[in-house]
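> from the sequence below, what's the structure:
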Amino acid sequence: MLASGRKADPLNSRFEQSVPLNRSPVEASSQANEESLPVIIQGGMGAGVSSWRLAGEVARRGALGVVSGTGLDTIFARRLGLGDLEGNIRRALDHFPNRAMARRVLDRFFVPGGKQPGEKFRPVEMFSIEPPARLVEVGIVANFVEVFLAKEGHDGPVGVNFLEKIQLPALASLYGALLAGVGYVIMGAGIPREIPGVLDRLARHESASLKIDVLGASAEDSFRMEFDPLSVMGWTKGECPELRRPKFLGIVSGATLALTLARKSTGRVDGFIVEGPTAGGHNAPPRGPRNLSSSGEPIYGRKDEIDIEEIRKIGLPFWLAGGWGSREKLAEARSRHGAVGIQVGTAFAFCHESGLDESIKKEVLERVASGTVSVLTDPDASPTSFPFKVASLPDTLSESETYLARTRRCDLGYLRKAYRKEDGSVGYRCAAEPESIYVAKGGEIEDTAGRKCLCNALLANIGLGQVVESGAVELPLVTAGDDLSSLARFFQGDRRDYSAADVLGELLG
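Numbering: from 1, shown residues only. Below is the predicted model of the structure:
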């Protein structure tokens, strides 16, 4: 599929060049408001739920389609391990601007015809603060392919979503997405102040760096990842394709965070997605002491209420998320609060085009129809210590017996935390890895209680679970927003399924 004589230019983008970095938020907003902004943003649900198929279908219909960048290097490698039977990945690789790099990555992971059912997927190394060149290449290529496929065949807007807490793959991932002409970069789960400036530099093929959060670091320590596009790609400045800087939207849970991003980021912030605690995936923890309800869920109080009017005063476009996914709430967001529109996740997560395994979709939607589905905000499940929404389903890690029966392992490592060793070097630990290993690395045993391996579970959600020593496959852990039970409104007659077009039709009338 990597024909050496073929020329293609996947780098066209209909999005504007970046504006000077000294523009105020209100001035930047004036430019943004002159352009067409999407009323609906499809949530960037990881890992692989917001796949290129879903994002492409949403974008084709005029909304902002978003691919999830979480774990894309492993997802990409495992799709190749299954044989890329439809040829989509290899078709996208035909357009990658570095032929030799594309060939190296393909040769490393592609299994013609697909691996055998009981055979393990070929491993992808875990990122570190100084990753090997071959891993950086996988990160670049994987994000290019996902964005390219989402953009293919239409001119609708496509974005990519990342978690600020997953810092180590960020630079390679962002550059790969830019090479494919991504229009929006969306990031939450932290305060991504440096990402806007990184986008400015990468769009010019300039070296960029990112401060890495390291537990136990002193004021004198400086831990940064460096990324030089020209060196990585083997290009001279004159050989680089022209790139355009995508819009940056920060996911925020309050006005203070939004104002911090607007005023203190290293580059231009183009808007916010304002997300409440009813959204799926990771939620911001409650402000104040940790209090749990009778069902064991975090209790959110008045301090956690989002002052939308204060966010509106900042003067940048914003979208409301988490419980806003209905026609009535969309109208309220726009007319009452002045939002551009809304972000919708859960409704898209269970539609035909999403990356969720078909058996999981069927199970969930049957339970929606019968009224037997429930979602718990688990305060302990995520190794990040952020609350994490979990749908209660049989044969998943949401069942305590199933969770306790799983052998703890950390072989993907996206949610590991970096920590400073006694010799000043950087180590990595995860609260979901074996307790003895975590404690040996300086972690507290209390931190491991209830922690689930989200990395492996989320890949199992999309049918890419790893085969373990016993020959079994890693089990899933499904996440969804609190409005999961409302998905029945998309059903037609006796059908228990629906499409992305059905969701958009219901929301927009």
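> for residue 427, which three-state class applies?
Here residue 427 is strand, with the state taken from DSSP: H, G, I helix; E, B strand; the rest coil.
> tell me who's in contact with it.
Each residue near residue 427 by CB atoms under 8 Å, 6 or more residues apart in numbering is listed here: 418-421, 441-442. (Each C-beta comes from the backbone N, C-alpha and C, glycine too.)
> in CSV: those residues, plus secondary structure and pLDDT.
Shown next, in CSV, are the contacts of residue 427 (DSSP: H, G, I helix; E, B strand; the rest coil; pLDDT from 0 to 100):
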residue, secondary structure, pLDDT
418, strand, 96
419, strand, 96
420, strand, 96
421, coil, 95
441, coil, 96
442, coil, 95
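> now list the buried members of the residues you listed.
418-420, 441 (16 or more other CB atoms under 10 Å).
> that older thread, from the contacts of residue 427, pick the one nearest residue 472.
Closest approach to residue 472 among these (CB to CB): residue 441, at 27.4 Å.
> need the contact list for the residue nearest to residue 473 when sequence neighbours are not counted.
Distances taken as CB to CB, 6 or more residues apart in numbering put residue 465 closest to residue 473, at 4.3 Å, once the chain neighbours are dropped. Residues counted as contacts of residue 465 (CB under 8 Å, 6+ apart) are 456, 459, 473-476.
> show me the strands in the stretch 201-350 of the chain, by range?
In the stretch 201-350 of the chain, strands defined by DSSP state E, counting those that start in this stretch lie at 208-211, 214-215, 224-227, 247-252, 271-275, 318-321, 341-344, listed in chain order.
> can you give me the end-to-end distance of stretch 277-292?
14 Å (CA to CA, to the nearest Å).
> quick check: buried residues in it?
So, applying 16+ other CB under 10 Å, buried residues of stretch 277-292: 277-286.
> turn the strands of the stretch 201-350 of the chain into TSV, columns for mean pLDDT.
Putting the strands of the stretch 201-350 of the chain into TSV (pLDDT from 0 to 100) gives the following:
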stretch	mean pLDDT
strand 208-211	96
strand 214-215	95
strand 224-227	96
strand 247-252	96
strand 271-275	95
strand 318-321	96
strand 341-344	96
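> which of those sits closest to residue 507?
strand 341-344 (6.8 Å).
> would you mind pulling up the elements that the closest one packs against?
strand 40-42, strand 318-321, helix 327-335, helix 500-508 (3 or more CB pairs under 8 Å, 6 or more residues apart in numbering; DSSP states H and E).
> nearest to residue 233, out of those?
strand 40-42 (30.4 Å).
> distance of residue 217 from residue 114?
As for residue 217, its distance to residue 114 is 44 Å (criterion: CB to CB, to the nearest Å).
> correction: the previous question concerned residue 399.
30 Å.
> returning to that earlier point: and of the strands of the stretch 201-350 of the chain, who's closest to residue 330?
So among the strands of the stretch 201-350 of the chain, strand 341-344 is nearest, using CB to CB, at 5.3 Å.
> what sits against residue 344?
Residue 344 neighbours (CB under 8 Å, 6+ apart): 40-43, 321, 324-325, 503, 507.
> from those, which two are the most distant?
321 and 503 (14.6 Å).
> returning to that earlier point: of the contacts of residue 465, just the buried ones, PyMOL syntax please.
Here is the PyMOL command that selects the buried residues among the contacts of residue 465 (16+ other CB under 10 Å):
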select buried, resi 456+459+473+474+475+476
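> tell me the one of the contacts of residue 465 nearest residue 370?
Nearest to residue 370 among those, with distances taken as CB to CB, is residue 476, at 20.3 Å.
> show me what contacts that closest one?
Applying CB under 8 Å, 6+ apart, the residues near residue 476 are 357, 360, 396-397, 457-458, 460-461, 465.
> now do residue 198
Neighbouring residues of residue 198 by CB under 8 Å, 6+ apart: 170-171, 174, 208, 210, 266-267.
> just to be sure, which of those residues are found in helices?
170-171, 174 (DSSP state H).
> dump those to a markdown table, plus neighbour count and distance to residue 404.
Below are the ones in helices among the contacts of residue 198 laid out as a markdown table (neighbours: other CB atoms under 10 Å; distance: CB to CB, whole Å):
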| residue | neighbour count | distance to residue 404 |
| --- | --- | --- |
| 170 | 25 | 34 |
| 171 | 27 | 38 |
| 174 | 28 | 38 |
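> just the closest of those to residue 67, please.
Using CB to CB, these come closest to residue 67 at residue 174, 12.9 Å.
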